[in-house]
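Student: Quick one: sequence plus predicted model below, questions after.
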Amino acid sequence: MAGEARDGRIVVVGASLAGLRAAETLRDEGFTGSLTVVGDEPHPPYDRPPLSKQVLLDEAPADSTGLPVRRDPDAEWRLGVAATGLDPLARRVLLADGESLPYDRLLIATGTRARPWPDPAGAALDGVFTLRTREDATGLAARLAAGPGRVLVVGAGFTGSEIASACRKRGLQVTVAERGPDPLVGALGGTLSRLAALMHREHGVDLRCGVTVTALLGDGAGRFTGADLSDGTRVEADVCVVALGAVRNVEWLAESGLAAGPRGIACDAGCRAFTRYGIVTDDIFVAGDVSRFPHPLFGYQMLSLEHWGNAVAQAEVAAHNMVSPGPLRRPHLSLPVFWSTQFGLNIKSVGVPTYSDHIVIAQGSLEAGRLAMVYGYRGRVTAAVTVDMAKSVDYYRHLIETAAPFPPPPGAADRALTADIPLPSDVPDPKGLSHEPVVALTGHLPDRALMVVQPPG
Amino acid sequence: MAPGTLLARITDYASRPDPYPLYARARAAGPVLRQDDGSFLVGGYHEIAALLHDPRMSADERARTTPTPYEGSRDASFLRLDDPEHHRLRTLAMRPFGPPHSPHRVDAMRGEIARITEELLAGLPADRPVDIVDDFAYPLPVIVICRLLGVPREDEPRFRAWSDALVATADIRPGEDTTEVERAGDRAGAELRQYLLDLAERRRGRPADDMLSAFVNEPDPSLRLTSQELAVTAALLLIAGHETTVNLITNGVLTLLRGPEHLRRLSREPGLLPVAVEELLRYEPPVHLRERVPLVDIEVAGTTLPAGTSVMLALASGNRDSRRFPDPDRFDPGRADNEHLGFGSGIHLCYGAPLARIEAQTALGALLPRLRTARLVEDPPPYRQNAMLRGPRHLRVRL
């Protein structure tokens, strides 16, 4: 079995972070067979976090964020061609150029794309951007460098907030429109989102919360000129960045029979994809943003994560399991961790803040703009977020991993006065947000109606 | 051997050449061991790392409630303060040194460090065995930290005496009366701080390209250190800036001379040098022990560390923990997974690490060609008294 698993044909669909790390790990783990990596973008794998930070600040060009290759995965790269379908019975991946690739084992790592502005006419206006790809970042950076009179950012999640921060750092006027009550509220809950709102305003952002953008406006020449808001006001701007979260790239799997839907592709803890009947496959694996998987620390709810660290860790587990016999397979149990830099603050999150009912500020304070906030669910610690206190994260990670009691025990020298007074975590229903949260508990519900397919004849 | 005396055995001067078997016993009997004097010794990697990241552990010796032989009234540097005060002082001290405000300060010194290294090598004695410590590994970081801070090099003998007295107070000698050592340290500290204050005062309004100038000429009042803070911080940087790197370089030379195959490999693959320096920081770190004090009772690996007791974290022991590093007693200059404790971890992670790395890489890289035919005059070499900052006092080598 071990020898057999290390040979044959493996196809990886998705040539970004998860796809690359999986390909490298497959070779590290002794896979000697043929390896093909398919990517719809024309570029070799590149890193996305700098696109909304350094690239928008002109500190780095967008084409400089190529991912370092830890080892040559000795793969055939099929770049610039999208996968359009999957025939799991014949074990073939169908490509946009009409070809099809046979596989013995398949890894799906197709990730997400930016959610576009829903009205195609508005989305097509010159000056309206989303930010996901290298081209998006290049175009937006050039437009920001040209010195627009005002930038409108739609959505105050992490990407929207980072874009607003970059605009202010460049001295540009910026308006942020968010449907929820405060920025980042979907990811961090009410208390920290108030600090986030303060940061926006202190840095000169024209922050409008509790409003939606009802229309993007253009002039006769198709150039973006502004937007109408639900409160009846109008924002005049030359550039609009639509930051409404991500859409999972699953459409190509519509006829595949896999449990693939808007929340991603369901898989088990070993990264093996489920069929729409909830039956686990043994030759199709999933990793990265496009997956959703059960996590024991969060009630075995299915988690979908758009985190850099998750893409790496899950890709490594998936690759290991693809070439390992059953008893040697490993579960993907790593704790969600992500970070963001905005308005000069470093925000780091560990665990799932939305899986909470109460919070305490365990160290520091909102006033100091430096703190550690701990999230609890039914008396145990489930998440922590630090602001400019990243070195404390390891301690709280340990509390989460060991299901330590909430509120956490006292004793830190910089413990906040309020550390023993739990407050409601105030996590809103995602439906009230402009954007999708980057961590989503997707529950046990299947994404599509269960229907038994009758074989023909 | 009773595990309750391990710390005393480790700090005993007779153990200085090779404390590693004692660390191995501490890990086997521990990883958290109560000592006969009531303090605790922690030798396991994961336990040390967890405690270094634990906000309930204090670096402030005033948090100690157990009796100490000497109750001094020293002004603490950020090395021995907790947040939020530690954070404020460290952040202000970082402004002229590292990112985000001075991201290129240390890196821009590479050329100068290389030049100083070459000058020292050119001046090595030809008529007697070279003492790697006195002739090379000590002067290099001293010249560099003087340059960086803005201290005239000709004053080096003065602050060497102060530094020796201060470093002695940072040592631990369980069971010994250290009152005299502490008093001498207090006097030296006061003199050194006054000396640095006078120097800084001369830079006020006449800034040069050094950190003392940056400290006194900071235009934003909210970002200015008080005189006392400036003196304490500058003294810390001056001393920590050379007392450790000298051991790193010397331990590096010793390790390479003991393993000629590593010398050959590094000569073949000079690109490996940065990785090899990390391995050195794991295998023979300059800082062996750090003290912390629990602010509340903390349970670690089934043992309760009572609030207020002295807890000695054996960083050098954690670095040799087989639960973390495969084959930990082997020096492997190509070791990839090497998250060592050589610079500590957590909020007190070594401030000067970027500088120490460049100094060690430059110094060892420049020495390599000469070491290929060199041999040790004595092995083990004579060691310094200090068990916490461990390194040879002399390392005589025939080049």
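Tutor: Arrived safely, thanks for sending. Predicted model, so just to flag it, every value in this text is computed and none were measured.
Student: Going by C-alpha atoms from here, please, whenever you check contacts or count neighbours.
Tutor: Fine.
Student: For residue 131, which non-adjacent residue is closest in space?
Tutor: You didn't say which chain, so I picked chain A. The shortest distance from A:L131 to any non-neighbouring residue, by CA to CA, 6 or more residues apart in numbering or on different chains, is to A:A137 (6.0 Å).
Student: not quite, I wanted chain B
Tutor: Here the nearest residue to B:D131 in space, its sequence neighbours aside, is B:R396; by CA to CA, 6+ apart that works out to 4.4 Å.
Student: Can you get me a residue count around the one you found?
Tutor: Residues lying near B:R396 (other CA atoms under 10 Å in any protein chain shown) number 23.
Student: what does the one 3 residues further on give?
Tutor: Under the neighbour criterion other CA under 10 Å, B:L399 is assigned a count of 16.
Student: Would you mind listing the residues in contact with the spatially closest residue to it that is not a sequence neighbour?
Tutor: Counting by CA to CA, 6+ apart, the nearest residue to B:L399 once its immediate chain neighbours are dropped is B:A374, at 4.3 Å. With contact taken as CA atoms under 8 Å, 6 or more residues apart in numbering or on different chains, B:A374 is in contact with B:L257, B:V397, B:R398, B:L399.
Student: Now B:A374. Its backbone dihedrals?
Tutor: phi -80, psi 160 (degrees, to the nearest 10).
Student: ranges for the strands of chain B?
Tutor: For chain B, applying DSSP state E gives strands covering B:32-34, B:40-42, B:57-58, B:130-131, B:289-294, B:298-300, B:303-305, B:311-314, B:375-376, B:396-398.
Student: any residues touching the fifth one, and which ones?
Tutor: Same thing as strand B:289-294. Contacts with strand B:289-294, where a contact means CA under 8 Å, 6+ apart, come from B:56-61, B:63-64, B:305-316, B:387-389.
Student: cool, and stretch B:148-164?
Tutor: For stretch B:148-164, contacts defined as CA under 8 Å, 6+ apart pick out B:142-143, B:146-147, B:185, B:188-189, B:191-192, B:199, B:208-213, B:234, B:238-239.
Student: who touches the residue in the stretch 151-300 of chain A that chain B sits nearest to in this structure?
Tutor: Checking the stretch 151-300 of chain A residue by residue against chain B with CA to the nearest CA singles out A:K169 as nearest, at 14.3 Å. Listed by CA under 8 Å, 6+ apart, the contact partners of A:K169 are A:L57.
Student: Now for chain A, the helix or strand with the poorest mean pLDDT.
Tutor: Lowest on mean pLDDT, DSSP states H and E among the helices and strands of chain A sits helix A:2-5, with a mean of 58.
Student: Count the residues that sit near A:T130.
Tutor: Counted by other CA under 10 Å, the residues lying close to A:T130 total 25.
Student: got it, and B:R282?
Tutor: Using other CA under 10 Å, B:R282 is surrounded by 26 other residues.
Student: what's near enough to touch it?
Tutor: B:R282 is in contact with B:A316, B:N319, B:R320, B:N338, B:H340, B:L341, B:G342, counting by CA under 8 Å, 6+ apart.
Student: wait, isn't the last one in contact with B:L315?
Tutor: Yes. Applying CA atoms under 8 Å as the test, B:G342 and B:L315 come out as touching, 6.9 Å apart.
Student: Return every residue with contacts to both of those two.
Tutor: B:V287.
Student: Which positions are bridged to A:V286 in the beta structure?
Tutor: Using DSSP bridges, the beta-bridge partners of A:V286 come out as A:I108.
Student: closest point of the stretch 201-350 of chain A to chain B, which residue?
Tutor: Residue nearest to chain B within the stretch 201-350 of chain A: A:G344 (9.8 Å; CA to the nearest CA).
Student: and that residue, how many neighbours?
Tutor: Using other CA under 10 Å, the number of residues around A:G344 comes to 12.
Student: re the thing from before, okay, buried residues for the helix or strand where the residue nearest to A:L131 lies please.
Tutor: Take DSSP states H and E as the rule and A:A137 turns out to sit in helix A:134-145. By neighbour count with 16 or more other CA atoms under 10 Å in any protein chain shown, helix A:134-145 contains the buried residues A:R134, A:D136, A:A137, A:T138, A:G139, A:L140, A:A141, A:R143, A:L144.
Student: same thing with stretch B:134-150?
Tutor: Taking 16+ other CA under 10 Å as the basis for neighbour counts, the residues of stretch B:134-150 that come out buried are B:135-150.
Student: try stretch A:27-44
Tutor: Under 16+ other CA under 10 Å, the buried positions of stretch A:27-44 are A:27-33, A:35-41.
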